[in-house]
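Undergrad: give me a 3D structure for the following:
(chains A, B, C and D)
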2 protein chains.
Amino acid sequence: MATTQRRDGGGMSERRRARLRLEISREAARLFWEQGVTATSGDQIAEAVGLSTRTIWRHFRSKESCAEPIVMQGVVTLISVLRGWPRRSSLEDHLATELGRFRHEEPPVDRADEMLGMKMIRLADTEPALRTAWLMACDQTERELCAIIADCLERPAGDLEVRQHAAAAAAVVRVVEEHIGAVVLAGADATEFTDVVAVSRRFAHAIRTATGGVVGDAVA
Amino acid sequence: MATTQRRDGGGMSERRRARLRLEISREAARLFWEQGVTATSGDQIAEAVGLSTRTIWRHFRSKESCAEPIVMQGVVTLISVLRGWPRRSSLEDHLATELGRFRHEEPPVDRADEMLGMKMIRLADTEPALRTAWLMACDQTERELCAIIADCLERPAGDLEVRQHAAAAAAVVRVVEEHIGAVVLAGADATEFTDVVAVSRRFAHAIRTATGGVVGDAVA
DNA sequence: GCCTTGATGGTCACTTAGTGACATTCTGTC
DNA sequence: GACAGAATGTCACTAAGTGACCATCAAGGC
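TA: Next up is the predicted model:
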């Protein structure tokens, strides 16, 4: 197994665990995509990643949830970018600069993993078992948006109106991501989505519309 | 078992099956609520409804999906009302008159079932197994809204913008329903939600906002 | 009345997801 | 090197589902 190089006692174990989960998830997702979810057994995943079946169940509560980390990777960039949104710039501008930065300077997620994530989202459309994983990721986005929008509107995060805006925003983000994934996987001309500025504008416009215009503008 | 009284060959079987599924679902939901999902076995559900376990699996593909019909009952009224929306009246007015009609004249769903549905939605918050059932119901609403909004905007139902509006609208409806359920189950003062006009206004306003104002108005 | 037919439910054997208990190994600390 | 504890392997076990086959029952033709 890879070198651990922990600094303080116990804290690093968290990262180690996350890396292992991701590795398992990668193999599971590959198998799910290649031969379907039901045709993939826990034993197969275990063998592919080189662990015992029992250990798989120690890291994941169910077979389908093995896909979660890979799926979550797909939204983790967007979430972290949204979280860092300073309200003195418009949503379009912030997304464009930050997504661009992530794309070229420090890509936190492997390109192959990104493709795998899209494939899982695509599979979630027909495999009800995988749907949960995808919706968990969307739910995470929604919670994050709750905090952000609450901050924008200067209301508590549990406020009904805040939750409505967050749900609507997360929903349109979900639809756009599903659409991008479908287009990319279809092998069609995806240049429309390699332009970071265009994609940023699309996301920002969707969020602006879905929240009735209260989220997206820069504050003076 | 109940009398069959079929008229034509095979058509009635559909309804019979639906009734049986609902009956199983009712018992399953009751047990899920009383003792939790994991603590409820398939055998227990079978015994409660008076069938063999094998027959339960013939009607439901999984334990959790036993909750689906009851959960679906909660949205089926709203869906059918939305489907019947004539665009010459505003969404508020249509919802108020139709929901009122359903409430007093011909309630298609038992009050007890309605409460059970709320309980399942509540359970879905903590039991990931049940979440799928609830999200399936929301997904159904979203698909229905796709058709309605496509009609409003005179665009194809698969159009990206239509899907975004539908997703946003379905999301806010989900949040409002979760909120109503939580308030009712908390035993708090729920008079706010027994007033059909107020509830209709709330739904309509949420949808109007989430779709950027393009859905909700009457057309001239 | 009797037999066919088709749909539904029961019985039993079987696979597989997932857990509990305990032994083993691996990792970092002194 | 001895030690503590966290991670993993092994094995036995429960429970969710499935497949194959048989039993029952209502409807209709003769």
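Undergrad: A:A169 against A:L145, yeah?
TA: Yes. With contact defined as Cβ atoms under 8 Å, A:A169 reaches A:L145; the gap is 5.2 Å. Quick note: C-beta positions are derived from backbone N, CA and C, even for glycine.
Undergrad: which parts of chain A sit against chain B?
TA: Residues of chain A lying near chain B by Cβ under 8 Å from any Cβ of the partner chain: A:128, A:131-132, A:135-136, A:160, A:163-164, A:167-172, A:174-176, A:179, A:206, A:209-213.
Undergrad: select only the buried ones of those in PyMOL?
TA: Listed next is the PyMOL selection for buried residues among the residues of chain A next to chain B, using 16 or more other Cβ atoms under 10 Å in any protein chain shown:
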select buried, chain A and resi 128+131+132+135+136+163+164+167+168+169+170+171+172+174+175+176+206+209+210+211+212
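Undergrad: which strand or helix spans the residue nearest the centre of chain A?
TA: In chain A, the C-alpha nearest the mean C-alpha coordinate belongs to A:V75, at 2.0 Å (Cα atoms, centre = their mean). Here A:V75, judged by DSSP states H and E, is contained in helix A:68-83.
Undergrad: got it, and A:R163?
TA: A:R163 belongs to helix A:160-185, assigned by DSSP H and E.
Undergrad: which other residues reach the worst-scoring helix or strand of chain A on mean pLDDT?
TA: None of the helices or strands of chain A scores lower by mean pLDDT, DSSP states H and E than helix A:11-35, at a mean of 89. Helix A:11-35 is touched from outside by A:2, A:4-6, A:40, A:44-45, A:48-49, A:51, A:56, A:59-60, A:63, A:66-70, A:73, A:113, A:116-117, A:119-120, A:123, A:127, A:130, with contacts defined as Cβ atoms under 8 Å, 6 or more residues apart in numbering or on different chains.
Undergrad: can you rerun that using 6 Å?
TA: Under the contact criterion Cβ atoms under 6 Å, 6 or more residues apart in numbering or on different chains, helix A:11-35 has outside partners A:6, A:40, A:45, A:48-49, A:59, A:66-67, A:69-70, A:116, A:119-120.
Undergrad: which of these lies closest to A:A150?
TA: Within the contacts of helix A:11-35, the smallest distance to A:A150 is 27.5 Å, found for A:P69 (Cβ to Cβ).
Undergrad: and chain A, what are its domains?
TA: Chain A breaks down into these domains under automatic domain parsing: A:11-66, A:67-210.
Undergrad: minimum distance to DNA strand C: which of those has it?
TA: Ranking these by proximity to DNA strand C (Cβ to the nearest atom of the strand) places domain A:11-66 first, at 3.2 Å.
Undergrad: about what we covered before: any part of the least confident helix or strand of chain A near DNA strand C?
TA: No. Applying Cβ under 7 Å from any atom of the strand, one finds helix A:11-35 separated from DNA strand C by no less than 7.8 Å.
Undergrad: what residue ranges in chain A are flagged as low confidence?
TA: Across chain A, the ranges flagged by pLDDT under 70 are A:1-12.
Undergrad: residues of it that sit close to DNA strand D?
TA: Residues of chain A found near DNA strand D (Cβ under 7 Å from any atom of the strand) are A:10, A:13, A:17, A:20, A:51-55, A:58-59.
Undergrad: how close does the nearest residue to A:V196 once chain neighbours are set aside sit to A:V199?
TA: Of all residues not flanking A:V196 in the chain, A:G100 sits nearest, at 4.5 Å (Cβ to Cβ, 6 or more residues apart in numbering or on different chains). Distance of A:G100 to A:V199, given as Cβ to Cβ, to the nearest Å: 10 Å.
Undergrad: who has more neighbours out of these two?
TA: Counting neighbours by other Cβ atoms under 10 Å in any protein chain shown for A:G100 and for A:V199 shows that A:V199 has the greater number, 19 against 15.
Undergrad: the one helix or strand that one maps to - contacts with which helices or strands?
TA: Assigned by DSSP H and E, A:V199 falls within helix A:196-210. If you count contacts as 3 or more Cβ pairs under 6 Å, 6 or more residues apart in numbering or on different chains; DSSP states H and E, helix A:196-210 packs onto helix A:91-104, helix A:160-185.
Undergrad: ok, back up a step: quick one: the residue nearest to A:V196 and A:A198 touch, right?
TA: No. A:G100 is beyond contact range of A:A198, at 11.5 Å (criterion: Cβ atoms under 6 Å).
Undergrad: overlap in contacts, the two.
TA: The contact sets of A:G100 and A:A198 do not overlap (Cβ under 6 Å, 6+ apart).
Undergrad: wait, A:A46 sits on A:T53?
TA: Yes. The pair A:A46 / A:T53 is scored as a contact, 4.3 Å apart, by Cβ under 6 Å.
Undergrad: now do the contacts for A:D43.
TA: Neighbouring residues of A:D43 by Cβ under 6 Å, 6+ apart: A:T53.
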